[in-house]
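Undergrad: Sequence first, then the predicted structure, then my questions.
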Amino acid sequence: MDGGRYLVAAHLREGRPISELARVHGVHRSWLYKLLARYRREGEAGLAPRSRRPHRSPAAMGPELEAAIVRLRGELLAQGLDAGALTIQWHLTRERGAAPSASSIVRLLRRRGLVVPEPHKRPRSSMIRFEAALPNQLWQTDATHWALADGSAVEILNVIDDHSRLLVAATPFRTVKAADVVALFHRAAERVGYPAALLSDNGAVFTGSYRGGKVLLESELERLGIVGKHARPYHPQTCGKVERFHQTEKRWLAVQPPAATLDELAAQLDRFRVQYNLHRPHRALGRRTPQEIFDAKVKAGPGSAAPAVHYRVRYDQVDAAGKVSLRYDSRLLHIGLGRRHRGTPIVLFIADRAVRIVTADGELLRELILDPTRNYQRQSA
């Protein structure tokens, strides 16, 4: 028997007062009076649990708005553009001045069978993310494969700005050669200026270090005073922005008429560059376009590349000798804190060589700049 039937029966059969039943069982008297009224009108059926769904929902999406969302998703997909809930919300806001929440849009798309829920992915908060502070502080470059209308394989060499995601260059080649990379690099720099640094993978056209020499690009970067950087072998995440960009580019190309020649493909890529840089809102940029972000700040240039700062937060415990050990540049360094702190849980805030050591309560125990030449770090005077 559910609680409602019990309380109604207790009142009608035992004669117990409503106020007493409400007080003893922790319910409101008004609810009991409603139950009694429903019982007198409908009998036992009136005591059955009822839906709590509101009779009307003024904020619910109307059929016209639902149709607009479905239409927008179809149009974006047909153009080979991102068509997620946040992108649809951005377009609706521009068209109408307001839009439903992204979660409401997702629920609608799921009801219509237009999206399939994916397994839970690694949370973004767990990722270590780097972004250059200024436009032209760092470019990323990489080549990706595509095919012409006759099925013949070609390569597309892409260059993007790390800070703004601006597509600096996208050019197709039958096969990318060392001279092609250098020529494209100079053409791109004529439009937006030379960068302070260039990041690539370890492809043969980008580096000859593993062969004990240099390729044309490396020599040209040295001549221009530009820092050349390369990803760790078998670690494409280092060039993650340009790797992810390949997907966006190919999604757009896939809905275009297949290009019969390199010139046709180059013309398509030129149109895409305009769309991507000037008109496509970018999620990582707060729904602004790459060109907006690129134009908003002063530009870096050759000679201005500052080394990237590597940040870490580490939880540890002071050992029996009153010290903590820290690895820096493949070398184990020891930091003394005093025997009085042995066994104390600590947190190390590490920004390259700058280290702050605090207790779990936030008390600063020691602050220092690591000296990589010393195994045991000198106590400050």
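TA: Looks like it came in fine.
Undergrad: so where's the stretch 51-200 of the chain uncertain?
TA: The stretch 51-200 of the chain contains residues with pLDDT under 70 at 57-59, 117-129.
Undergrad: how about the helices in it?
TA: With DSSP state H, counting those that start in this stretch as the criterion, the stretch 51-200 of the chain has helices at 63-78, 85-96, 102-111, 178-192.
Undergrad: Report the residue ranges of every domain in the protein.
TA: 3-47, 63-111, 139-296, 311-369 (automatic domain parsing).
Undergrad: What mean pLDDT does the first one get?
TA: So the one you mean is domain 3-47. Averaged over domain 3-47, pLDDT sits at 84.
Undergrad: what's the span of it, first residue to last?
TA: Separation of the first and last residues of domain 3-47 by C-alpha to C-alpha, to the nearest Å is 10 Å.
Undergrad: and if you look at the third one?
TA: Terminal residues of domain 139-296 lie 17 Å apart, using C-alpha to C-alpha.
Undergrad: can you check the last one too?
TA: Using C-alpha to C-alpha, one end of domain 311-369 lies 14 Å from the other.
Undergrad: now stretch 157-170
TA: 6 Å.
Undergrad: sorry, back to before: export the domains of the chain to a markdown table and tack on distance to residue 130?
TA: Backbone N, C-alpha and C define where each C-beta goes, glycine included. Output for the domains of the chain, formatted as a markdown table (distance: least, C-beta to C-beta, whole Å):
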| stretch | distance to residue 130 |
| --- | --- |
| domain 3-47 | 55 |
| domain 63-111 | 23 |
| domain 139-296 | 8 |
| domain 311-369 | 10 |
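Undergrad: so which of these comes closest to residue 56?
TA: domain 63-111 (15.3 Å; C-beta to C-beta).
Undergrad: Let me know how buried residue 197 is, in neighbour terms.
TA: Neighbour count of residue 197, defined by other C-beta atoms under 10 Å: 23.
Undergrad: Next one: it from residue 285, what distance?
TA: Note on residue 197: its distance to residue 285, by C-beta to C-beta, to the nearest Å, is 20 Å.
Undergrad: Residue 45 now?
TA: Distance of residue 45 to residue 285, given as C-beta to C-beta: 58 Å.
Undergrad: Of these two, which one has the most company?
TA: residue 285 (14 against 9).
Undergrad: List the contacts of the more buried one.
TA: 164-165, 292-293 (C-beta atoms under 8 Å, 6 or more residues apart in numbering).
Undergrad: what about residue 343, neighbour count?
TA: 9.
Undergrad: Could you export the contacts of residue 285 as TSV, including distance to residue 100 and neighbour count?
TA: Formatted as TSV, the contacts of residue 285 follow (distance: C-beta to C-beta, whole Å; neighbours: other C-beta atoms under 10 Å):
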residue	distance to residue 100	neighbour count
164	29	27
165	27	25
292	25	16
293	27	19
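Undergrad: returning to what we had before: among the helices of the stretch 51-200 of the chain, which comes closest to residue 254?
TA: Taking the helices of the stretch 51-200 of the chain one by one with C-beta to C-beta, helix 63-78 is closest: 10.5 Å.
Undergrad: tell me the angle that closest one makes with helix 85-96.
TA: 120 degrees (axes from the mean of the first three to the mean of the last three C-alpha atoms, to 10 degrees).
Undergrad: residues touching residue 65, list them.
TA: residue 100.
Undergrad: again, but for residue 349
TA: The contact partners of residue 349, by C-beta under 8 Å, 6+ apart, come to 312-313, 355-358.
Undergrad: can you do 6 Å?
TA: The contact partners of residue 349, by C-beta atoms under 6 Å, 6 or more residues apart in numbering, come to 313, 356.
Undergrad: just to revisit the earlier point, kindly reformat the contacts of residue 285 as CSV containing distance to residue 28.
TA: Converted to CSV, those look like this (distance: C-beta to C-beta, whole Å):
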residue, distance to residue 28
164, 58
165, 56
292, 55
293, 55
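Undergrad: State the pair within those that is farthest apart.
TA: Largest pairwise distance in those, by C-beta to C-beta, is 10.8 Å, between 165 and 292.
Undergrad: And the strands in the stretch 251-381 of the chain, which stretches?
TA: 311-317, 323-328, 331-336, 345-351, 354-359, 364-369 (DSSP state E, counting those that start in this stretch).
Undergrad: Would you convert these into JSON lines that also reports distance to residue 148 and mean pLDDT?
TA: Putting these into JSON lines (distance: least, C-beta to C-beta, whole Å; pLDDT from 0 to 100) gives the following:
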{"stretch": "strand 311-317", "distance to residue 148": "45", "mean pLDDT": "84"}
{"stretch": "strand 323-328", "distance to residue 148": "50", "mean pLDDT": "88"}
{"stretch": "strand 331-336", "distance to residue 148": "52", "mean pLDDT": "89"}
{"stretch": "strand 345-351", "distance to residue 148": "49", "mean pLDDT": "88"}
{"stretch": "strand 354-359", "distance to residue 148": "53", "mean pLDDT": "89"}
{"stretch": "strand 364-369", "distance to residue 148": "56", "mean pLDDT": "90"}
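Undergrad: Name the stretch among those that sits most buried.
TA: strand 354-359 (a mean of 17; mean count of other C-beta atoms under 10 Å).
Undergrad: Kindly format the C-alpha coordinates of it as CSV.
TA: Extracted C-alpha coordinates of strand 354-359, given in CSV (Å, rounded to 0.1, in the frame of the first residue of the first chain):
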residue,chain,number,x,y,z
ALA,A,354,60.4,27.5,-10.7
VAL,A,355,59.1,25.3,-7.8
ARG,A,356,56.8,26.1,-4.9
ILE,A,357,56.2,23.5,-2.2
VAL,A,358,53.2,23.9,0.0
THR,A,359,51.4,21.7,2.6
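Undergrad: which residues does residue 279 contact?
TA: Not one residue lies near residue 279 by C-beta under 6 Å, 6+ apart.
Undergrad: Quick check: it vs residue 286, distance?
TA: Taking C-beta to C-beta, one finds residue 279 at 16 Å from residue 286.
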